[in-house]
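K.L.:
show me the folded form of this:
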Amino acid sequence: MDGHSGIENRKVNENNKPHFKLILAFLKSASGNADFVIHVTSNIVYGPTPHPFKFLEHIGFERFEGECPFFHTNCFWRHFAKFEEYAPGIENTTAVQNVHNAFNAFVNRIEELYDIYKRQGEILRLLGESCPSIDIFASKPPIIKIQPTEIPHWIEPIKFSRLIALEKQRTEIEQEIKDLQEYLPLVFGDGDILVSAVLKSLRKFGLSADSAVKGYTVDILAETQDGSKKFGIEVTGCTEGIKKDSKKLTQVLEFEMKKEHDEKTILIANTYKNMPIEERASREHFTQNVVDFLSRHPILLMTGYDMYRMVSDVMENRRTPDEIIKILFNSVGVLKYL
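P.N.:
Residues are numbered from 1 along each chain as shown. Next up is the predicted model:
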């Protein structure tokens, strides 16, 4: 069951909330089975973290990759109720009215559920920051082993003031090292670690940035604080340059053709990711066929090292975040970052 296919699929109830549009549909199959299905989507593309789509997946909704007949785009759906035996006129029974009541109750509290989900994520994040040495919610409980050299907690009140100062300094240095190291995957990483480094970089430039929902045509959606400039960014890491047969080209082109908010489309490719930086200079990062293929569209192509140098320039005050944002938004084709 995909929540959409049948000989009859009609809307029987609907409601809208600030973050969600919801429809209750009656779906009848060729075999005579009949079901109630909830369809949900959101007009929110930028802003809240986690995104409403991630929340819907969290509570058991499935993403429909085709075109939903009610929203005329992708949606999330969930099997809500099933008729044991369907017969015409059964829609008017008390049991069916109870289905509508349950749908309305869900609609009326979905925003509350979403707020709790966001709060849960924030609390878990803070818990992780408060005790970074222990993965509290790991799949297996962490093993705690006491070392003979470990200093007991009751020593804290009698520590030398100089020791306290040095330990504080060490903690601050370790935190700064960890923070800076999170940018390094821009030049060696791929997958989630590379996406995280790009997200961190975009936020360094003052952009609001978040991962797109799973299955979306790009990895990241970002925008300026005033919403005047928006970005759709696909990220990849590879051992060579980007060639015309790369699936990433199809993804960025599909996003460019279907985008609804005039976003700037960018492909960030950490090309030659296993090669030292000095050896990459003479390499072709995007083949001419790739450039020609995308030449009709204002898509920006750049490397992970380009992004790394942008971060470095902002840190060293050689360029401002606003200057970097303008470069990202206005550049077309292969970036020539000087």
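K.L.:
next, residue 124: secondary structure please.
P.N.:
helix (DSSP: H, G, I helix; E, B strand; the rest coil).
K.L.:
ok, it to residue 114 distance?
P.N.:
Here residue 124 is placed at a distance of 16 Å from residue 114 (Cβ to Cβ, to the nearest Å). C-betas here are computed from N, CA, C, even on glycine.
K.L.:
and if you look at residue 74?
P.N.:
19 Å.
K.L.:
more neighbours: which of those two?
P.N.:
residue 114 (22 against 16; other Cβ atoms under 10 Å).
K.L.:
that one: what's it in contact with?
P.N.:
19-20, 52, 55 (Cβ atoms under 8 Å, 6 or more residues apart in numbering).
K.L.:
what about the helices in the chain?
P.N.:
52-58, 94-130, 161-181, 185-188, 191-204, 247-258, 277-280, 288-294, 304-315, 321-330 (DSSP state H).
K.L.:
and the ones you listed: which comes nearest residue 37?
P.N.:
helix 94-130 (10.5 Å; Cβ to Cβ).
K.L.:
quick one, phi psi at the closest residue to residue 65 other than its chain neighbours?
P.N.:
Of all residues not flanking residue 65 in the chain, residue 74 sits nearest, at 6.2 Å (Cβ to Cβ, 6 or more residues apart in numbering). The phi and psi values for residue 74, taken as degrees, to the nearest 10, are phi -60, psi 160.
K.L.:
number the residues from 780 up from this point.
P.N.:
Sounds good: first residue 780 from here, last item residue 853.
K.L.:
what's the nearest residue to residue 840 if we skip its chain neighbours?
P.N.:
residue 855 (3.9 Å).
K.L.:
how about low-confidence regions in the stretch 880-1029 of the chain?
P.N.:
Low-confidence segments of the stretch 880-1029 of the chain, defined by pLDDT under 70, are located at 908-923.
K.L.:
residue 899 and residue 893, how far apart?
P.N.:
Using Cβ to Cβ, residue 899 is found at 11 Å from residue 893.
K.L.:
surely residue 1065 touches residue 1031?
P.N.:
No. Taking Cβ atoms under 8 Å as the definition, residue 1065 is not a contact partner of residue 1031, at 11.8 Å.
K.L.:
pull up the overlap in contacts between the two.
P.N.:
Counting by Cβ under 8 Å, 6+ apart, nothing touches both residue 1065 and residue 1031.
K.L.:
one step back: show me what contacts the residue nearest to residue 844?
P.N.:
820, 842-847, 994.
K.L.:
make a markdown table from those and add distance to residue 876 and neighbour count to it.
P.N.:
Below are those laid out as a markdown table (distance: Cβ to Cβ, whole Å; neighbours: other Cβ atoms under 10 Å):
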| residue | distance to residue 876 | neighbour count |
| --- | --- | --- |
| 820 | 26 | 22 |
| 842 | 30 | 15 |
| 843 | 27 | 18 |
| 844 | 33 | 9 |
| 845 | 31 | 11 |
| 846 | 31 | 12 |
| 847 | 25 | 20 |
| 994 | 35 | 10 |
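K.L.:
return the closest of those with respect to residue 861.
P.N.:
residue 843 (18.3 Å).
K.L.:
nearest to residue 957, of the contacts of residue 893?
P.N.:
Distance to residue 957 across the contacts of residue 893 (Cβ to Cβ) is lowest for residue 834, with 29.0 Å.
K.L.:
any idea how far residue 854 is from the closest one?
P.N.:
Taking Cβ to Cβ, one finds residue 834 at 14 Å from residue 854.
K.L.:
could you do residue 988 as well?
P.N.:
From residue 988 to residue 854 the distance is 25 Å (Cβ to Cβ).
K.L.:
residue 1099 too?
P.N.:
Residue 1099 is 41 Å from residue 854, by Cβ to Cβ.
K.L.:
got it, and residue 837?
P.N.:
16 Å.
K.L.:
compare these two (neighbour count), which wins?
P.N.:
A direct count of neighbours by other Cβ under 10 Å for residue 837 and residue 854 places residue 854 higher, at 28 against 14.
K.L.:
with the flanking residues excluded, which residue is spatially nearest to the more buried one?
P.N.:
Using Cβ to Cβ, 6+ apart, the closest residue to residue 854 is residue 847 (3.8 Å).
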